[in-house]
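# Here's a sequence, model it:
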Amino acid sequence: MTNIKLSLRLVLIAAVSMLYSGCASVPAQNTVATVQVYKVFAHRDKYGLSLRPSELAGLRAAGVDDNEVAAGRVVGVHCAVMADGWWDSLAVLPPGLQAGEGTTLRVRVVDPGDNQRLGVSTVVDVPAQLPSRELAYRYVPNWRELGRRNNFERIELPPQLRDKYLIVQGSYLLKCNP
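Okay, the predicted model is just below:
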């Protein structure tokens, strides 16, 4: 009887481990994701870099020409898919819509991209705006005097925002599907 109980416990532990170790996936083609703008690709950045040739080819395949890129209609967007894991895409803004860094958008994924190039998405909606890329931790200078184990503490989000964000590399990043 004890072997059966032990076996059941091991099966339960294995099932829970598999549940917690699951890998998140990026938004699939033709799905809608909630994202935030991290860059406008209208001009070259301070290092003279803009879009890679493979990304320009993806935009051209989606019907976007160089004039639209120059006009600021292509933005870099991202969202969190798991703790310390995010998805990036290029999003094409509809004519007349301006979006700056931190703007919250809903996009339809045309091409999810891969490890070599960013995907391409089109904007389908501009939802209520949410805070972007807030720090998740703050420095505590007198941590030893306070008897703490480390010199930082977590910055808690307001309760109404907690289920919309994940911590990605020390900052709160909006979930792809909050």
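
# Pull up the pairing partners for the one helix or strand residue 112 maps to, direction included.
Counting by DSSP states H and E, the element that carries residue 112 is strand 104-113. Taking DSSP bridges as the criterion, strand 104-113 forms sheet pairs with strand 32-40 (antiparallel), strand 118-125 (antiparallel).

# Show the pLDDT at the residue sitting nearest the centre point of the chain.
The centroid of the chain falls nearest to residue 79 when counting by CA atoms, centre = their mean (1.7 Å). In this prediction, residue 79 carries a pLDDT score of 95.

# do the one 5 residues further on as well
pLDDT, the model's per-residue confidence, is 83 for residue 84.

# My read is that it contacts residue 171, right?
No - using CB atoms under 8 Å, residue 84 is not in contact with residue 171, being 10.6 Å away. Where C-beta positions appear, they are placed from N, C-alpha and C, glycine not excepted.

# Tell me which of the two has more neighbours.
residue 171 (16 against 12; other CB atoms under 10 Å).

# those strands in this structure, which residues are they?
32-40, 74-82, 85-92, 104-113, 118-125, 134-135, 137-139, 152-154, 165-168, 171-174 (DSSP state E).

# Name the nearest residue to residue 70, sequence neighbours excluded.
residue 42 (6.3 Å; CB to CB, 6 or more residues apart in numbering).

# what's near enough to touch that neighbour?
69-72, 74 (CB atoms under 8 Å, 6 or more residues apart in numbering).

# Filter those down to the buried ones, ChimeraX style.
To isolate the buried ones among the contacts of residue 42 in ChimeraX, judged by 16 or more other CB atoms under 10 Å, type:
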select :69,72,74
